[in-house]
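Colleague: sequence? don't have it. structure:
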């Protein structure tokens with residue numbers, strides 16, 4: 001697993017008659033390689049009759065499913081039906097009508113639009129580009145953005161929390177030693193946040209348009225790289241501290 005961590009430390013000390021406190025914040029940002037992708041691939045047709053639009057879309061969808069099967073994507077576990085919509089297309093209202101014409105005017109259905117798609121989520125990132133290319137060749141004209149993510153974000157989240165906590169402990173130990181105090185016990189421990197930020201989605205609609213317009217061989221897909229997911233966590237620890245004998249003098253001599 002490739003990762004990197006950055007540390008932000010905030011120190012606040014408060015003096016009270018009975019105790020002093022040291023508050024340290026540890027931050028971790030792990031760069032985890034994405035191991036799955038998701039994309040919506042489908043077809044859209046507008047025809048004067050609804051049956052014609054449905055037939056055209058269903059024919060294209062069948063070809064897309066054949067591409068998925070040939071490339072080894074499993075139904076239900078890696079892809080499923082995304083949507084199937086039928087929308088009437090209405091005649092636009094004419095401009096510059098008289099009041100009398102506007103009172104008599106009634107909108108009419110001029111045709112039907114049918115949209116259908118499949119939703120793919122798979123760990124076969126190496127096949128994503130080829131899938132897009134072959135689906136476009138098969139008739140897909142509605143290709144969504146390509147998203148990358150983690151199959152098991154929980155494990156990466158735990159790793160980020162662990163790293164952030166270790167950073168907080170290491171910084172507290174260093175600060176205590178440098179200032180001549182002793183860490184007694186953690187009085188409060190909070191997880192301020194742990195989240196995963198995936199890489200920016202890749203807009204893939206242009207792939208379908210360009211490949212359908214190109215005269216070259218359409219069997220090769222675009223080069224697709226999953227990138228990395230940034231998994232972050234922030235841990236804040238509050239320690240009770242006490243002065244060590246000659247601690248401040250030792251710290252002052254070290255500084256000099």
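Modeller: Nice, thanks for sending it over. Not measured: the values here are computed from a predicted model.

Colleague: phi, psi of residue 33?
Modeller: Main-chain dihedrals, residue 33, degrees, to the nearest 10: phi -60, psi 130.

Colleague: partner residues bridging it?
Modeller: Legend: beta-bridge partners of residue 33 under DSSP bridges are residue 228.

Colleague: mind checking pLDDT for it?
Modeller: On pLDDT, residue 33 comes in at 94.

Colleague: That one - how many residues pack around it?
Modeller: Neighbour count of residue 33, defined by other Cβ atoms under 10 Å: 15. C-beta here means a position set from N, CA and C on the backbone, and glycine is covered the same way.

Colleague: Could you check how far it is from residue 226?
Modeller: Look at residue 33 and residue 226: by Cβ to Cβ, to the nearest Å, they are 7 Å apart.

Colleague: for residue 140, helix, strand, or coil?
Modeller: Assigned with DSSP: H, G, I helix; E, B strand; the rest coil, residue 140 falls in the coil class.

Colleague: OK, contacts around it?
Modeller: With contact taken as Cβ atoms under 8 Å, 6 or more residues apart in numbering, residue 140 is in contact with 41, 42, 43, 60, 64, 208.

Colleague: Let me know the helix or strand that the second one is in.
Modeller: Using DSSP states H and E, residue 42 sits within strand 36-47.

Colleague: what's that strand packed up against?
Modeller: helix 50-70, strand 79-90, strand 109-122, helix 128-138, strand 142-143, strand 147-149 (3 or more Cβ pairs under 8 Å, 6 or more residues apart in numbering; DSSP states H and E).

Colleague: any idea how far the shortest one is from the chain center?
Modeller: Averaging C-alpha coordinates over strand 142-143 and over its chain gives two centres that are 19 Å apart (Cα atoms, centre = their mean, to the nearest Å).

Colleague: Show me what it pairs with in its sheet, parallel or antiparallel.
Modeller: Applying DSSP bridges, strand 142-143 is found paired with strand 36-47 (antiparallel).

Colleague: Off-centre distance for the partner strand?
Modeller: Computed by Cα atoms, centre = their mean, the chain-centroid distance of strand 36-47 equals 19 Å.

Colleague: Check stretch 123-131 too.
Modeller: The answer for stretch 123-131 is 17 Å, by Cα atoms, centre = their mean.

Colleague: Contacts for that stretch next, please.
Modeller: Applying Cβ under 8 Å, 6+ apart, the contact partners of stretch 123-131 are 34-37, 39, 41, 67-68, 71-73, 78, 120, 122, 146, 148, 151, 220-224, 226.

Colleague: quick one on the thing from earlier: as a markdown table, the helices and strands packed on strand 36-47 with distance to residue 181, mean neighbour count and mean pLDDT would be great.
Modeller: Below are those laid out as a markdown table (distance: least, Cβ to Cβ, whole Å; neighbours: other Cβ atoms under 10 Å; pLDDT from 0 to 100):
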| stretch | distance to residue 181 | mean neighbour count | mean pLDDT |
| --- | --- | --- | --- |
| helix 50-70 | 63 | 17 | 97 |
| strand 79-90 | 59 | 14 | 94 |
| strand 109-122 | 52 | 18 | 97 |
| helix 128-138 | 54 | 22 | 95 |
| strand 142-143 | 60 | 22 | 94 |
| strand 147-149 | 44 | 19 | 94 |
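
Colleague: Find the centremost residue of this protein, please.
Modeller: The centroid of the chain falls nearest to residue 198 when counting by Cα atoms, centre = their mean (3.5 Å).

Colleague: So for that residue, what pLDDT did the model give?
Modeller: Here, the pLDDT recorded for residue 198 equals 83.

Colleague: ok, now residue 186?
Modeller: pLDDT, read off for residue 186, is 93.

Colleague: Doesn't it lie inside a strand?
Modeller: Yes - under three-state DSSP, residue 186 falls within a strand.

Colleague: picking that back up, give the rounded mean pLDDT of the strand holding residue 42.
Modeller: Mean predicted confidence for strand 36-47 is 96.

Colleague: Go through the helices and strands packed on strand 36-47 and name the closest to residue 23.
Modeller: Closest to residue 23 of the helices and strands packed on strand 36-47, according to Cβ to Cβ: strand 147-149, at 34.2 Å.
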